[in-house]
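Novice: Return a 3D structure for these sequence lines:
(chains A and B)
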Amino acid sequence: MEYLFVRYFRRRNVFLDGNLIGKTNDSLRVEKGTHQIDLGKPKNYSPEFIEIPVTDTTQIFPLEIEFVYVGGAP
Amino acid sequence: MKTLFALFCAAALLCSCAAREKNIPMDKYDPDTGYRFSNLKAPGDPDELFVILTFSGGGTRAAALSYGVLEKLKKTRFQWQGEERSLLDEVDVISSVSGGSFTAAYYGLFGQGIFDDFEQRFLYRNIEGELKRMLFSPATWLKLASPDYSRTDMASDFYDRQIFKRRRFSHLVDKGRRPFIMINATDMSMGSSFSFIQEKFDPICSDLGNMTLARAVTASSCFPVAFAPLTLYNYAGRCRFHPPTWVETARKDLQLNPSRFRRAQEVLSYMDAAERPYIHLLDGGVADNIGLRGPLAGIASNNPAWSILSKVNQGKVAKLVIIVVDAKTKPEVKFDKSPDPPGLVDVLTKISTIPMGNYSFDTVQTLGDTFERWEKDQRNYHGCQRVLGLNNCRNKQMPFPPPAPVELYSIYVGFDQIRDTDQRTYFQTIATSFYLPKEQINDLRSIGPRLLDQSAAFNQLIGGLPPGTRVKP
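Specialist: Residues are numbered from 1 along each chain as shown, chains lettered A, B, ... in the order given. Here you go, the predicted structure:
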């Protein structure tokens, strides 16, 4: 079991390998391994997706990644 | 001469009619249709109390033990949002193998109707005797003479006609209600579990909806040697199926997470119809005799379409309950009392059953370890929070919020939990057969509820359910 924290300026869905797994700014339980993470549509954030190995995390210190709002419908 | 010719024609006709049920191709892959967890609804709040049952193999012994557990869950009633409900109403998933698949499939098809006629249709019936009698019928000989018909097809036809009322998976889709039934067989070349769910049929471009439940149950209980493997046709490449993203990312995980890598390899192998034009399935017990591996993947991974882990993340699941119903036996061993080396039969029996038993033991252990890790992680987090408080770090906060909380209940129903030695020995030596004496079936039906009553986790669950919870005698 690994832990992921996806930072974004507001609350929205988090997709892991194309499946909805939770919300931004929440700590999320994920399976150990390489994952592609994005925020779904609208694609008004950058980067478009993050592919990263998720390993060696804890609930106290999850892997933190961030998406940045780039304009358009929030 | 005319009579002989007529007989010959009749025989030829019977022979040519004897064709096995084939899985049919799917024109277009559609992730939103078919027999999928997401297409089944649950009454009330669907996920807050999420209950998974697993039914092991073991012929009628396993079917009766799991049936008794269903009876107990039906009697376990509680108040929920102003209405009285039973724990059976809350069951979301049933994953089954071999003998346990008869109970699981029947409950999936007929719901509470199982308590009306399953006993007559299957449980107290001499299925083994009826199958053997069929083998001595000239009509069966003619059918078996066809290369397209085997003893497995004979059993499948019998189950279809006599037990499952010719129902297909499309019936489960039309019903649209949980529990999600995962009937498991073994992929003979990959050595992995093969569940009869649309997600598994997508890569081979086949529509599970047209398949009879009897076919799936036959594959699940297709005991090696006694029955020929059941064959699926692989139509991969004909339905515009594209593998899910996780398959691509998991291909990089050979070192990081070998089991995830392996799951991806399985999907890719099904997509290669040139290499694997046919998928041969054995009894589900060969890969996992307690049917727990599928649910474990749903708990530990976000990848299955029905991932429980993702539901937990979204705060939808407050209590996650897994009840493992295991009809594992421990046959009496006599060879240790003799200096002579055990004979061939003993050796063959042991080498075929020991690995299965050990694997089942490890699988249950893995579930326990998984839940323990979840709980330990939660405890560590809250422990750190307390340390911050103890050190008067009032302004300091944990750097990240905790994941959504969840209560976990792992409940094991198996004969080795029976405290009385004689009684334990009695249950552990019940034969694996599709026919058992009535008294033994009655005993098996009653031991499941008793084992639940003595389970600390089950009592903790019942104690934690809303006020008014009671178990009817």
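Novice: Residue 56: neighbouring residues, count only.
Specialist: As the question left the chain open, I've gone with chain A. Neighbour count for A:Asp56, taken as other C-beta atoms under 10 Å in any protein chain shown: 9. Heads up, the C-betas are built off the backbone N, CA and C, glycines and all.
Novice: think we crossed wires, I meant chain B
Specialist: B:Ser56 sits with 29 neighbouring residues when counted by other C-beta under 10 Å.
Novice: quick one: strands adjacent to the helix or strand B:Gln79 falls within?
Specialist: Following DSSP states H and E, the helix or strand that holds B:Gln79 is strand B:76-80. Partner strands and pairing direction for strand B:76-80 (DSSP bridges) are strand B:83-86 (antiparallel), strand B:470-471 (antiparallel).
Novice: residues of the first one that come out buried?
Specialist: Within strand B:83-86, the residues scored as buried using 16 or more other C-beta atoms under 10 Å in any protein chain shown are B:Arg85, B:Ser86.
Novice: for whatever helix or strand comes next after it, packing partners?
Specialist: Reading on from strand B:83-86 to the C-terminus, the next helix or strand found by DSSP H and E is strand B:91-97. Using 3 or more C-beta pairs under 8 Å, 6 or more residues apart in numbering or on different chains; DSSP states H and E, the elements in contact with strand B:91-97 are strand B:49-55, helix B:98-110, strand B:180-187, helix B:293-300.
Novice: Turn the ones you listed into CSV, columns for mean pLDDT, mean neighbour count and distance to chain A.
Specialist: Putting the helices and strands packed on strand B:91-97 into CSV (pLDDT from 0 to 100; neighbours: other C-beta atoms under 10 Å in any protein chain shown; distance: least, C-beta to the nearest C-beta, whole Å) gives the following:
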stretch, mean pLDDT, mean neighbour count, distance to chain A
strand B:49-55, 96, 28, 15
helix B:98-110, 98, 28, 25
strand B:180-187, 97, 28, 17
helix B:293-300, 94, 23, 6
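Novice: which residue sits closest to B:Asp160 in space, ignoring its chain neighbours?
Specialist: Computed as C-beta to C-beta, 6 or more residues apart in numbering or on different chains, the closest residue to B:Asp160 that is not its neighbour in sequence is B:Ala214, at 3.6 Å.
Novice: mind listing what the one you found touches?
Specialist: Residues near B:Ala214 by C-beta atoms under 8 Å, 6 or more residues apart in numbering or on different chains: B:Ser156, B:Asp157, B:Tyr159, B:Asp160, B:Ile163, B:Phe164, B:Arg166.
Novice: Same question for A:Tyr69.
Specialist: For A:Tyr69, the contacting residues are A:Tyr8, A:Phe9, A:Arg10, A:Asn44, A:Tyr45, by C-beta under 8 Å, 6+ apart.
Novice: Next one: the third one from A:Lys23, what distance?
Specialist: From A:Arg10 across to A:Lys23, the span is 10 Å (C-beta to C-beta, to the nearest Å).
Novice: and those two? which has more neighbours close in?
Specialist: Of the pair A:Arg10 and A:Lys23, A:Lys23 is the one with more neighbours under other C-beta under 10 Å, namely 18 against 8.
Novice: Please name the bridge partners of the more buried one.
Specialist: A:Asn13.
Novice: Would you agree it is in contact with A:Phe15?
Specialist: No: A:Lys23 is not in contact with A:Phe15 according to C-beta atoms under 8 Å; the separation is 11.0 Å.
Novice: Low-confidence ranges, the chain, go.
Specialist: Just so you know, I chose chain A. Applying pLDDT under 70 to chain A flags the ranges A:73-74.
Novice: I was after chain B.
Specialist: Low-confidence regions of chain B, defined by pLDDT under 70, span residues B:1-19, B:43-46, B:81, B:394-395, B:466-473.
Novice: For it, which residues are neighbours of chain A?
Specialist: B:244-246, B:248-250, B:252-253, B:256-257, B:260, B:300-303, B:305, B:307, B:309-310, B:312-314, B:370, B:373-374, B:377-378, B:380-381, B:384, B:398-404 (C-beta under 8 Å from any C-beta of the partner chain).
Novice: buried subset of these?
Specialist: Applying 16+ other C-beta under 10 Å to the residues of chain B next to chain A, the neighbour count classes B:244-246, B:248-250, B:252-253, B:257, B:260, B:300-303, B:305, B:307, B:309-310, B:312-314, B:370, B:374, B:377-378, B:381, B:384, B:400, B:402-404 as buried.
Novice: Out of these, list just those in helices.
Specialist: The members of those that map onto helices under DSSP state H are B:245-246, B:248-250, B:260, B:300, B:309-310, B:312-313, B:370, B:374, B:377-378, B:381, B:384.
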